[in-house]
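When you get a sec, could you give me coordinates for this:
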Amino acid sequence: MMNRYVDKFISYLEIEKNYSGHTLLNYRSDLEEFFKFANDVAVEKVDYLLLRRFLAHLREHQHKPRTLSRKLSSLRSFFRFLHKEGYVKSNPSTLLMSPKLDKTLPKFLSEEEMTSFIEAPDVKTEMGKRDKAILELLYSSGARVSELVGLNVENVDLIGNIAKLEGKGKKERLVPIGNQATIAIKNYVDARKNKSGPMFLNKSHTRLSDRSVRNIINKYITQACINQKISPHVLRHSFATHMINRGADLRSVQELLGHVNLSTTQIYTHVTTDRLKKVYDKAHPRA
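Numbering: from 1, shown residues only. Purely as a prediction, here's the structure:
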């Protein structure tokens, strides 16, 4: 019985909300975990106390606040949907309190570190040209890795310096790309046999995966002697931080990153404020 409601909910998220496959898997996993804990109780019998017991169970298993918050969000959305569609008489999740999340500032590379990182690939080889194009495009556009690997050659206008990205919720947006990224992409496409289809190919000439991009980044971080472990998202953070440091306004950066809410972008003002405080403390004689 539970599966029937979950299936309806997942279909709603996919069709009405355009949620990505990855997000849908997370929702299904969270709901299955709850109903397993609840011993497959009927949805009509789920009440506030049962949901509280589930959250206490998650805390006992030392889930991080961010994970708890996501699971709670899944349950809220699910029961809001059931109530709206008339499958349950009331929404038992309305009184649930979200765990307090620590605001962690995003990691980013300095402009000097970014330069040595991007210059690390050996552009004498086709794979080196590909890797250079990947690094240039990630930093130039602020694209998510999922957006980058989903690109096709025809999505990039090398004359107009524009790329069409498909972001979260399958929303498309146009982003400018810099001259250095344009040159790197052109050099890579010119060097390979297939001039159409997926923009970034693996050695088997099929579309590159998210995991492969992560491995590529780790490889060049080591080569550039940057003493920190970074994820592909750090390039996105670096893009936003450097843009704001050099005077870009928050609204423009929001558009470029594809953030729905400005509050998501505002984290980068904290990063730059933190940097300014350090500069001030070091430079001012009475700081």
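
can you give me the helices in the stretch 51-200 of the chain?
All helices of the stretch 51-200 of the chain, identified by DSSP state H, counting those that start in this stretch, fall at 65-84, 111-118, 126-141, 145-149, 179-191.

which helices and strands does the third one pack with?
Other elements packing on helix 126-141 under the criterion 3 or more C-beta pairs under 8 Å, 6 or more residues apart in numbering; DSSP states H and E are helix 111-118, helix 145-149, strand 162-166, helix 179-191, helix 210-223, helix 233-245. Placement of C-beta: from N, CA and C, glycine included.

And the contacts of the following helix or strand past the last one?
Right, helix 233-245. Following helix 233-245 in sequence order, the next helix or strand is helix 250-257 (DSSP states H and E). Here helix 250-257 makes contact (C-beta atoms under 8 Å, 6 or more residues apart in numbering) with 141-142, 173, 175-176, 236, 239-240, 243-244, 262, 264-266, 268-269.

rerun at 7 Å
Around helix 250-257, the neighbours that count as contacts under C-beta atoms under 7 Å, 6 or more residues apart in numbering are 142, 175, 240, 243-244, 262, 265-266, 268-269.

Nearest to residue 109 among these?
Nearest to residue 109, judged by C-beta to C-beta, of the contacts of helix 250-257 is residue 240 at 12.0 Å.

And for the closest one, the neighbour number?
When counting by other C-beta atoms under 10 Å, one arrives at 25 neighbours for residue 240.

Tell me where the model's unsure across the stretch 51-200 of the chain.
Scanning the stretch 51-200 of the chain for pLDDT under 70 picks out the ranges 99-106.

Can you name the two of the contacts of helix 250-257 that sit furthest apart?
175 and 269 (20.8 Å).

Neighbour count: those two, which is higher?
A side-by-side neighbour count of residue 175 and residue 269, using other C-beta under 10 Å, places residue 175 first with 20 against 13.

The more buried one contacts residue 166, correct?
No: shown here, residue 175 and residue 166 do not form a contact pair, counting by C-beta atoms under 7 Å, at 11.5 Å.

on that earlier part again, in JSON lines, list the helices of the stretch 51-200 of the chain along with mean neighbour count and distance to residue 219.
Shown next, in JSON lines, are the helices of the stretch 51-200 of the chain (neighbours: other C-beta atoms under 10 Å; distance: least, C-beta to C-beta, whole Å):
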{"stretch": "helix 65-84", "mean neighbour count": "17", "distance to residue 219": "28"}
{"stretch": "helix 111-118", "mean neighbour count": "16", "distance to residue 219": "11"}
{"stretch": "helix 126-141", "mean neighbour count": "23", "distance to residue 219": "8"}
{"stretch": "helix 145-149", "mean neighbour count": "21", "distance to residue 219": "15"}
{"stretch": "helix 179-191", "mean neighbour count": "18", "distance to residue 219": "17"}
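
Nearest to residue 54, out of these?
Comparison of the helices of the stretch 51-200 of the chain against residue 54 by C-beta to C-beta identifies helix 65-84 as nearest, at 7.9 Å.
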